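Engineer: Whatever this is, show me its structure:
(one chain, ligands or ions: 1)
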Amino acid sequence: MQHEYQDILVSDISSGVLTITLNRPEAYNALRTQLLSEVAEVLDQAAQNDDVRAVVITGNEKVFAAGADIKEMAALDAVGVLNDPRVLHWRRIAQFSKPLIAAVNGFALGGGCELVMHADIVIAGDNAQFGQPEINLGIIPGAGGTQRLLRTVGKSMAMQLVLSGEFISAAQARDFGLVSEVTIPERSLERATELAHKIATKPPIAVRQAKEVLLKAYETTLDSGLSLERKAFTLLAATEDRNEGIAAFMEKRKPNFTGK
Ligand code: DAK
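Structural biologist: Residues are numbered from 1 along each chain as shown. This next block holds a predicted model:
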């Protein structure tokens, strides 16, 4: 069953996986404040709910999201931008502690491309196009695009995308590490869901620690990243799931992880 919000659809939890579908097709899923607040709210709830182990986020077959809602943005002056509640919603999305997997078909532009970069794994249909066309509007990316893009695709391609506003294909996005796999468009959601279900069977504390430590690599030195990894590794030695995983291997049986 799909639960209807104003701008998104949210599935029931199925074997630990929740799916969010961006649902403003008439506006190419433009990320107005309402839509972002709904995504942030669902992720906040999913973070608190032990039954959710991974979340898939997707759009429709033609568009993932065409960016911030330009019509809504047009109404904001500098003070409006300064006090923009979307900043908080983006932060809540970035702070989601469980795996977030994006299935992207069609356009992922501006804030849509930035939302893709908030996902931990990205599966793209071969019709996907990624871009940061904000420059055409006299602005620059505002939800982490300059920073996350450079760290993801490197300087030259980040500059090319942000300065020229040109789009890249799914295959190019994969070559540059923005996307991990490219599928036919009909399969991207299925593949993302398959991965989410696989991750949902893994020990949840280890999964969350892995995500946290991997993301820290973006913003810390190698030395402090390695130190954080060691601490997380040590902490996991105190979990029942670690004992269960090792015992199951020794006894040649499937592990039964309990999240403890
Ligand atoms: N906003 C509002 N409506 C949009 C939209 C958008 N970003 N993109 C498309 N639409 C609407 C169009 O207005 C049109 O609606 P009607 O005019 O028919 O009512 C409908 O969706 C279909 O669009 P088109 O007729 O243009 O369709 P085409 O297939 O010809 O072209 C397109 C598709 C995606 C290439 C084109 O629509 C396009 O270029 N869209 C704009 C893409 C763009 O510039 N995106 C970047 C937006 S700026 C911030 C955080 C983030 C941001 C800012 C601040 N803070 C936290 C402060 C992010 C900024 C951005 O993303």
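Engineer: quick one: contacts for the residue nearest the centre of the chain?
Structural biologist: Centroid-nearest residue in the chain: Ala119, 1.5 Å away (criterion: Cα atoms, centre = their mean). For Ala119, the contacting residues are Ile57, Leu100, Ile101, Ala102, by Cβ atoms under 8 Å, 6 or more residues apart in numbering. For the C-beta atoms, the positions are set from N, CA and C on the backbone; glycine is no exception.
Engineer: what do you get for Thr146?
Structural biologist: Thr146 touches Ile140, Ala158, Val162, counting by Cβ under 8 Å, 6+ apart.
Engineer: so how many other residues sit close to the residue lying closest to Leu22 once chain neighbours are set aside?
Structural biologist: Nearest residue to Leu22 in three dimensions, chain neighbours excluded: Asn29, at 4.2 Å (Cβ to Cβ, 6 or more residues apart in numbering). Other residues near Asn29 number 29, with proximity taken as other Cβ atoms under 10 Å.
Engineer: quick one: Asn29 and Ala68 touch, right?
Structural biologist: No - in this structure Asn29 lies outside contact range of Ala68 using Cβ atoms under 8 Å: 11.1 Å.
Engineer: Of the contacts of Thr146, which ones also sit close to the ligand?
Structural biologist: When contact is defined as Cβ under 6 Å from any ligand atom, those do not meet the ligand at all.
Engineer: Let's see which of those residues end up in strands.
Structural biologist: In strands, judged by DSSP state E, none of those are found.
Engineer: can you list those in TSV and add neighbour count and pLDDT?
Structural biologist: Shown next, in TSV, are the contacts of Thr146 (neighbours: other Cβ atoms under 10 Å; pLDDT from 0 to 100):
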residue	neighbour count	pLDDT
Ile140	12	97
Ala158	21	98
Val162	20	98
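Engineer: Three-state assignment for Tyr218, please.
Structural biologist: Under DSSP: H, G, I helix; E, B strand; the rest coil, the three-state class of Tyr218 is coil.
Engineer: Now do the same contact list for it.
Structural biologist: Counting by Cβ under 8 Å, 6+ apart, Tyr218 has contacts Arg148, Arg151.
Engineer: Which residue is the nearest non-sequential neighbour of Glu181?
Structural biologist: Residue nearest to Glu181 in three dimensions, not counting chain neighbours: Ile123, with 5.1 Å by Cβ to Cβ, 6+ apart.
Engineer: secondary structure element for the one you found?
Structural biologist: Element membership for Ile123, per DSSP states H and E: strand 121-125.
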